[in-house]
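Q: build me a model from this:
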Amino acid sequence: MPYIPKSQQQSVHEGKVENAGQFNYLLNQAIDLYIDQNKLNYQTCNDIVGAMECAKMELYRRLVAPYEDEKIAENGDVKPFI
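A: This next block holds a predicted model:
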């Protein structure tokens with residue numbers, strides 16, 4: 001659980017996210033809201049883990065992989081992929 005100072009929590013709720021701890025806090029708040037609205041059970045936990053995993057994979061596919069390809073073209077590849 002991300003333990004950010006209470007003084008930062010309101011600004012995060014207002015959309016100002018400046019570091020990984022605040023981002024983690026924001027994600028946990030969304031998860032907590034989903035649990036509150038759907039009760040804590042296996043299905044809800046499975047929904048959360050599945051959504052997070054798919055979001056991670058989509059982020060990698062759409063943002064990270066193209067960025068890495070750009071850097072390979074810019075700086076050259078590394079062993080053993082050369």
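Q: can you pull the pLDDT of Y3?
A: Per-residue confidence (pLDDT) for Y3: 87.
Q: domains of the protein?
A: The chain breaks down by automatic domain parsing into domains covering 1-38, 40-76.
Q: weakest of the ones you listed in terms of mean pLDDT?
A: For the domains of the chain, the stretch scoring lowest in mean pLDDT is domain 1-38; its value is a mean of 94.
Q: quick check: the gap between K6 and E18.
A: Applying C-beta to C-beta, to the nearest Å, the value for K6 to E18 is 16 Å. For the C-beta atoms, the positions are set from N, CA and C on the backbone; glycine is no exception.
Q: should've said K39
A: With C-beta to C-beta as the criterion, K39 and E18 are 33 Å apart.
Q: same deal with K71?
A: Counting by C-beta to C-beta, the gap from K71 to E18 is 25 Å.
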